[in-house]
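Enquirer: Structure of the sequence below:
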Amino acid sequence: MPLHLIKDFDPDYLNHFENQSLLGYDLYSGNEKVGSIDNLLVDDNGKFRYLIVSTGIWIFGKKVLLPIGRAQINNNERRVYVNGLTRSQAEQLPQYQDGMSVDYEQEEQVRSVYRPLATASLDASAPLDTAAVAYNRDTYGYEHEPALYDLNEQNHQNLKLYEERLIANKTRQKTGEVAIGKRVETETAKVSMPIEKERVVIERTTPSNAGATVTPGTDAFGEDKVARIEVYEETPDIRKEAFVREEVSVRKEVDQETVQAEEMLRREELDVNTEGRPVVDKGTDSRSSKKSK
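Expert: Okay, the predicted model is just below:
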């Protein structure tokens, strides 16, 4: 499993230490100062796996890894103790370089140095898993060696357990804009209407008494007699007139929908490793007591 520097995994990691960072704590083996804590490594689940130790006192300029289960943290003294570690064993540890990727083979070299210390610290009557040497990179798990990697409240008082929560928040953002305006479109319209025009029709007929004589002094040969007929015709009166065709009402309505989200959440559980047959009160889970109310 890949390992990460604590600050790369969680930039706000100090919030889990009650603002007490282990960085800079002195490392002691018994009463002898070994060096100081330079950094911490966690796995993909956020579980502490190694302290990065700068062995400036014993081996100048060399950094090594210390499995978290072998560390005993004393916040009052700002010290970390690893009992039984000798200078010779520190020299056997592979060197850790800043930014390097720790692989399985390098971890095995580290474990081979600390396994005898873990074995010596166990009570003779306690069961010991000696099959760790049979594991390979595909089958090995940190849980196989609790003496090297387990945390307990006695030795790791300010190492907090991580738990992820799914937080659902809403943000309001503009997704678009609707502009309502008018434009003028033109089209050619045709209309047909009948109109009347008067015309004068002159008809000439032969009277029934044609050829009869007329008495002088009658209408015959009078030049002042004129027949007048007024002639009319209709002319079209075509014009344009504007009227309301339709009304448009613009408003906004809010539609609601439920968005489903699913994420894989990780939670760290406390592993309590005991040596011998001590009576241990593991305490009450405050979360369970709150739920039962």
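Enquirer: so N74 bridges to which residues?
Expert: Beta-bridge partners for N74, by DSSP bridges, are R79.
Enquirer: surely it meets Y28?
Expert: No - the pair N74 / Y28 is not scored as a contact, 9.0 Å apart, by C-beta atoms under 8 Å. All C-beta spots, glycine's among them, are computed from the backbone N, C-alpha and C.
Enquirer: More neighbours: these two, which one.
Expert: Y28 (20 against 14; other C-beta atoms under 10 Å).
Enquirer: which residues does the residue nearest to the more buried one when sequence neighbours are not counted contact?
Expert: Closest residue to Y28 apart from its sequence neighbours, by C-beta to C-beta, 6 or more residues apart in numbering: Y81 at 5.1 Å. Listed by C-beta atoms under 8 Å, 6 or more residues apart in numbering, the contact partners of Y81 are 27-30, 71-72, 74.
Enquirer: ok, back up a step: which neighbours do N74 and Y28 have in common?
Expert: Counting by C-beta under 8 Å, 6+ apart, the common neighbours of N74 and Y28 are 80-81.
Enquirer: which residues in the stretch 51-200 of the chain form strands?
Expert: Using DSSP state E, counting those that start in this stretch, the strands of the stretch 51-200 of the chain run over 63-67, 72-74, 79-81.
Enquirer: Including distance to V184 and mean pLDDT, could those strands go into TSV?
Expert: Putting these into TSV (distance: least, C-beta to C-beta, whole Å; pLDDT from 0 to 100) gives the following:
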stretch	distance to V184	mean pLDDT
strand 63-67	80	92
strand 72-74	82	86
strand 79-81	83	89
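Enquirer: Format those strands as CSV; extra columns: distance to P94.
Expert: Listed next are those as CSV, based on distance: least, C-beta to C-beta, whole Å:
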stretch, distance to P94
strand 63-67, 7
strand 72-74, 23
strand 79-81, 20
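Enquirer: so which of the ones you listed is the most packed in?
Expert: strand 63-67 (a mean of 24; mean count of other C-beta atoms under 10 Å).
Enquirer: what are the pairing partners of that one, and which direction each?
Expert: Strand pairing (DSSP bridges) places strand 63-67 next to strand 48-54 (antiparallel).
Enquirer: Just the C-alphas of the strand it pairs with, formatted as CSV.
Expert: Output of strand 48-54 as CSV, limited to C-alpha atoms (Å, rounded to 0.1, in the frame of the first residue of the first chain):
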residue,chain,number,x,y,z
PHE,A,48,-0.2,6.0,10.9
ARG,A,49,2.5,3.6,9.8
TYR,A,50,6.0,5.1,10.4
LEU,A,51,7.7,8.0,12.1
ILE,A,52,10.6,9.4,10.0
VAL,A,53,13.5,9.7,12.4
SER,A,54,16.6,12.0,11.8
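Enquirer: For the remainder of this discussion, apply numbering that starts at 195.
Expert: Sure, I'll start counting at 195 from here, so that last one is strand 242-248.
Enquirer: List of residues touching that strand?
Expert: Against strand 242-248 from outside (C-beta under 8 Å, 6+ apart): 197, 216, 221, 228-237, 256-262, 265, 274, 290, 296, 304, 336, 343, 345, 350, 353.
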